[in-house]
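# Need coordinates for the following:
(one chain, ligands or ions: 1)
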Amino acid sequence: MAEYLRLPHSLALIRIRNPPVNAISPAVLYGIKEGLQKAVSDHTVKAIVISGADGKFCAGVDIHVFSTPWSSDTGLGDLVDEMQRNKKPVVAAIEGMALGGGLELALGSHYRIAHVQTETGFPEVTLGILPGARGTQLLPRLIGIPAALDLITSGRCILAGEAFKLGILDKVVNSDPLEKGIKFARTILDQPLECRRIMNKTVPNVPNMDAIFSEVFAKVRKQYPGYIAPETCIRAVQASVKHPYEVGIKEEKELAVYLVESGQARALQYAFFAERNANKWSTPSGVSWKTASVRPISLVGVLGKHVGEFLDSPHLHMVRAAIYLVPSGVKFCGKHIAVLAPLILIQVHELFILCVRTGDGNFFFFFFVVLGPELRTYTLSHSTSSQLIEMENILVPRGWGEVVSTFLTISNNGTMNIHVQVLCRHTVFSSLRDSIYVIYIRNFRVSDLAGLDVGWKGRKGQGLTGPALPPGTPARKRGNIRYCPIPDILCESGRFGQKTGKGWYQYDKPLGRIHKPDPWLSKFLSQYRETYHIEPRVISQDEILERCLYALINEAFRILGEGIAASPEHIDVIYLHGYGWPRYRGGPMFYASTVGLSTILEKLQKYYRQNPDIPQLEPSNYLKKLAAHGNPPLKEWQRLAGTPSSKL
Ligand SMILES: C/C=C(\C)C(=O)SCCNC(=O)CCNC(=O)[C@H](O)C(C)(C)COP(=O)(O)OP(=O)(O)OC[C@H]1O[C@@H](n2cnc3c(N)ncnc32)[C@H](O)[C@@H]1OP(=O)(O)O
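The predicted model follows:
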């Protein structure tokens with residue numbers, strides 16, 4: 001809601017109050033409108049101040065509402081226009097945050113005063129939507145096209161200082177912005193407002209406007225492949241240049257509705273809440289993210305192939321900073337918690353691992369990824385009392401490989417089994433190239449990067465290959481299960497991956513980073529098929545995708561059913577952050593809920609009938625139980641399928 005208060009000196013205050021972040025719900029919107037009307041009709045009121053309770057201006061529209069019909073037209077845009085047209089000056093006194101719809105409320109105000117620590121921006125694009133309450137039309141008019149495009153398409157949040165330099169804020173203050181805002185409002189009671197109404201401005205003209213747009217289109221296509229929101233945001237901003245305000249806002253609305261109704265927006269918003277829910281873990285024994293103790297760090301080490309080289313590089317200070325920050329504490333609880341750091345393998349230039357030993361002898365491993373010249377900050381960040389590391393915390397049983405490695409194995413096997421059958425290896429890759437499946441292509445890159453000999457050693461240890469393999473074991477069977485000996489054969493030929501300059505791919509040199517398909521492998525696969533009488537066939541794109549993905553999803557259901565993962569959201573967060581699953585598909589569990597559980601079950605049954613020696617295709621009991629309920633929403637799964645005995 002929003003409170004209305006009559007202040008001395010002919011002022012009125014509208015204060016947004018909707019904990020925890022003063023998000024705009026229908027009640028908040030109604031409260032602001034009502035406050036505005038009261039102020040307008042009270043002839044003793046000469047100016048209005050708008051602020052947020054508890055040190056937060058507003059984090060934007062309540063994301064929960066995007067699954068309701070209200071989201072198609074919240075009415076916030078009309079309110080923003082009403083504020084601009086208001087005959088009495090409106091001053092936004094901003095503290096904490098003015099994000100999304102919160103910034104739009106500020107732009108609707110005639111003046112903006114913010115505390116220096118305020119963060120502002122339009123994060124909508126990260127939720128698969130656009131600043132659809134006039135943001136795409138007002139911001140370009142205020143700060144120009146290049147800066148507006150940058151903020152709207154990146155979704156990045158900026159501090160008040162930068163916002164002031166860009167011209168978004170009129171004043172930045174070090175003390176209470178509400179007090180300053182009230183004081184300021186008293187000085188502008190009789191000022192003309194026409195020049196303060198952003199809607200009446202024209203977008204500042206810059207030479208080569210078309211070239212600017214073309215460049216940004218190209219940039220976002222490269223930077224966010226597969227995502228529809230960034231390009232749609234650009235189109236909305238383009239409307240601010242092409243059309244007068246009244247037409248521009250109509251186009252903004254159409255584009256906003258298109259995005260709100262897209263599957264991508266639903267997936268991205270799901271991911272937003274899944275991350276927050278997953279971070280609030282608790283164990284059956286009663287330990288939770290709130291109560292977990294902070295253990296002192298006794299040792300920090302950096303492991304990696306190029307660490308020596310790396311430490312001499314310009315990244316050194318960042319690595320030191322990361323290490324320096326470690327002693328402030330890593331939150332975890334006894335033996336139960338493992339932290340899965342993001343491991344994204346697109347354009348990886350360097351990968352190393354930071355190893356942290358705590359006072360009680362437990363180890364943490366953090367993966368660091370260097371993309372081009374930039375060290376991605378998957379590093380330890382500054383501590384706050386509630387979140388000591390800026391990473392996703394996922395609750396998994398001790399030996400977290402159970403969750404993570406199993407997924408890798410499943411996805412590797414799925415791809416390899418198809419690989420040997422398919423007529424042309426290129427078909428697999430081109431089918432999988434559709435962005436959701438790109439993670440499968442990455443499996444081969446990951447194996448090459450990690451070293452094929454690592455898995456080989458493991459399989460030898462398990463007696464699956466090497467001297468311990470009983471004589472007479474068929475090459476492609478282990479017991480009743482289909483076995484793919486190709487990685488073993490690659491290793492026997494000295495193809496250990498990137499370090500030897502060849503593996504699944506060939507590289508420019510040993511330890512080289514430039515990879516390309518190796519004709520040797522295609523020839524090898526043809527011979528392999530001949531040797532084992534594997535009839536090459538055309539496998540449809542759908543079959544490739546379904547066999548790879550549904551086996552993985554099936555495994556996720558098994559893990560849930562066995563109480564190894566805490567919730568479907570935890571699995572999705574692991575995939576989003578651990579494997580680079582495209583965020584706009586939400587994660588494998590969310591994806592399953594969109595495909596439909598009975599569809600997945602039927603397909604798995606079909607493929608398992610055709611391939612009874614691939615156990616990953618045998619539908620898990622948990623999936624069967626859930627599918628018996630039709631296609632229940634993901635939130636209901638654990639209630640409907642019963643709570644398994646937790647292994648956490
Ligand atoms: C059209 C669309 C328009 C006009 C929009 O405005 S869309 C919304 C645009 N706004 C955003 O995208 C902001 C999203 N929120 C954040 O970036 C962050 O939550 C934050 C910077 C506001 C605060 O970050 P932090 O301090 O780290 O805390 P949490 O992220 O954990 O959030 C705290 C709780 O607040 C809930 N929250 C945050 N923003 C929203 C929101 N816009 N709507 C509803 N709820 C929101 C968040 O889920 C946390 O809730 P709990 O998990 O504690 O229940």
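# which residue packs closest to Ala12, ignoring adjacent ones?
Once flanking residues are discounted, Ala12 sits nearest to Ala39: 4.1 Å by Cβ to Cβ, 6 or more residues apart in numbering. Where C-beta positions appear, they are placed from N, C-alpha and C, glycine not excepted.
# what helix or strand does the one you found sit in?
Using DSSP states H and E, Ala39 sits within helix 26-41.
# following that helix, which helix or strand comes up?
Sequence-wise, the next helix or strand downstream of helix 26-41 (DSSP H and E) is strand 47-52.
# avg pLDDT for the helix or strand just after that following strand?
Downstream of strand 47-52, the first helix or strand assigned by DSSP H and E is helix 76-85. Across helix 76-85, the average pLDDT comes to 98.
# and the following helix or strand past helix 76-85 with strand 47-52, angle?
Next in sequence after helix 76-85, counting helices and strands by DSSP H and E, comes strand 90-94. For strand 90-94 against strand 47-52, the angle between stretch directions is 30 degrees (axes from the mean of the first three to the mean of the last three Cα atoms, to 10 degrees).
# Can you give me the buried ones in strand 90-94?
Buried residues in strand 90-94, counted by 16 or more other Cβ atoms under 10 Å: Val90, Val91, Ala92, Ala93, Ile94.
# Tell me if stretch 18-30 is near the ligand.
Yes: Stretch 18-30 reaches the ligand (Cβ under 6 Å from any ligand atom) through Pro20, Val21, Ala23.
# now do the same end-to-end measure for that stretch.
13 Å (Cα to Cα, to the nearest Å).
# I'd like the distance from it to the chain centre, please.
Centre-to-centre, stretch 18-30 and its host chain are 25 Å apart (Cα atoms, centre = their mean, to the nearest Å).
# mind checking how far Lys33 is from the ligand?
Distance of Lys33 to the ligand, computed by Cβ to the nearest ligand atom, to the nearest Å: 16 Å.
# rewinding a little: who does the helix holding Ala39 touch, helix- and strand-wise?
Judged by 3 or more Cβ pairs under 8 Å, 6 or more residues apart in numbering; DSSP states H and E, the packing partners of helix 26-41 are strand 2-7, strand 11-16, strand 47-52, helix 76-85.
# of these, which approaches Glu162 most closely?
strand 47-52 (20.4 Å; Cβ to Cβ).
# Flag every residue of this protein that's near the ligand.
The chain has residues 20-21, 23, 59-64, 76, 97, 99-101, 104, 123-124, 127, 129, 131-133, 276 near the ligand, with proximity defined as Cβ under 6 Å from any ligand atom.
# Could you list the low-pLDDT ranges of the protein?
283-443, 578-580, 643-648 (pLDDT under 70).
# Give the closest residue to the residue nearest the centre of it in space, chain neighbours not counted.
With distances taken as Cα atoms, centre = their mean, Arg583 lies nearest the centre of the chain, 4.9 Å away. Leaving aside its sequence neighbours, Arg583 sits nearest to Ala271 (Cβ to Cβ, 6+ apart; 5.3 Å).
# what's the spacing between the closest residue to the ligand within the stretch 101-250 of the chain and Arg15?
The nearest approach of the stretch 101-250 of the chain to the ligand comes at Gly101, 3.3 Å away (Cβ to the nearest ligand atom). Gly101 sits 16 Å away from Arg15, going by Cβ to Cβ, to the nearest Å.
# So which of those two has more stuff around it?
Neighbours were tallied for Gly101 and for Arg15 using other Cβ atoms under 10 Å; the higher tally belongs to Gly101 (29 against 21).
# Distance check, the more buried one against Asn22.
Noted for Gly101: a distance of 10 Å to Asn22, by Cβ to Cβ.
# Need the residues touching each of the two.
Residues touching both Gly101 and Asn22 by Cβ atoms under 8 Å, 6 or more residues apart in numbering: Cys58.
# how far does stretch 154-170 stretch from start to finish?
End-to-end distance of stretch 154-170: 23 Å, with Cα to Cα as the criterion.
# in it, what's buried?
The neighbour-count check on stretch 154-170 (16+ other Cβ under 10 Å) flags Ser154, Gly155, Cys157, Ile158, Ala160, Glu162, Ala163, Phe164, Leu166, Ile168, Leu169, Asp170 as buried.
# Contacts only, for the residue lying closest to the fourth one once chain neighbours are set aside.
Spatial nearest neighbour of Ile158, excluding adjacent residues (Cβ to Cβ, 6+ apart): Gly121 at 5.6 Å. Shown in contact with Gly121 (Cβ under 8 Å, 6+ apart): Leu99, Leu103, Leu151, Gly155, Arg156, Cys157, Ile158.
# swap in Gln117?
Gln117 is in contact with Glu95, Gly96, Leu159, Ala160, counting by Cβ under 8 Å, 6+ apart.
# Then it would be within a strand, right?
No: judged by DSSP: H, G, I helix; E, B strand; the rest coil, Gln117 forms no part of a strand; its state is coil.
# one step back: and the furthest pair within the contacts of Gln117?
Glu95 and Leu159 (12.7 Å).
# overlap in contacts of these two?
Gln117, Thr118.
# any idea how far Leu5 is from the closest residue to Ala2 other than its chain neighbours?
Distances taken as Cβ to Cβ, 6+ apart place Gly31 nearest to Ala2, at 3.0 Å, with adjacent residues excluded. According to Cβ to Cβ, Gly31 and Leu5 sit 12 Å apart.
# re the thing from before, out of the residues of stretch 18-30 next to the ligand, which is most surrounded?
Ala23 leads the residues of stretch 18-30 next to the ligand on contacts (other Cβ under 10 Å) with 22 neighbours.
# check contacts around Ser109.
Going by Cβ under 8 Å, 6+ apart, Ser109 touches Ile50, Met83, Val90, Val91, Ala92.
# what about it, distance to Gly181?
10 Å.
# Spit out the residues that contact these two alike.
Val91, Ala92.
# Tell me, how many residues neighbour the closest residue in space to Leu189 that isn't next to it in sequence?
Spatial nearest neighbour of Leu189, chain neighbours left out: Lys46 (4.4 Å); criterion: Cβ to Cβ, 6+ apart. By other Cβ under 10 Å, 18 other residues sit near Lys46.
# what's the burial count for Glu275?
Count around Glu275 with other Cβ under 10 Å applied: 17.
# Grab the nearest non-local neighbour of the residue in the stretch 451-600 of the chain that the ligand sits nearest to.
In the stretch 451-600 of the chain, the residue that lies nearest the ligand is Glu569 (11.8 Å; Cβ to the nearest ligand atom). Leaving out its chain neighbours, the residue that sits closest to Glu569 by Cβ to Cβ, 6+ apart is Ala274, at 3.9 Å.
# Strands - which of the contacts of Gly121 land there?
Per DSSP state E, strands hold the following members of these: Leu99, Cys157, Ile158.
# As TSV, the residues you listed with distance to Gly466 would be great.
Listed next are the ones in strands among the contacts of Gly121 as TSV, based on distance: Cβ to Cβ, whole Å:
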residue	distance to Gly466
Leu99	57
Cys157	53
Ile158	57
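# can you tell me which of those lies nearest to Ala475?
So of these, ranked by how close each gets to Ala475 (Cβ to Cβ), first place is Cys157, at 55.9 Å.
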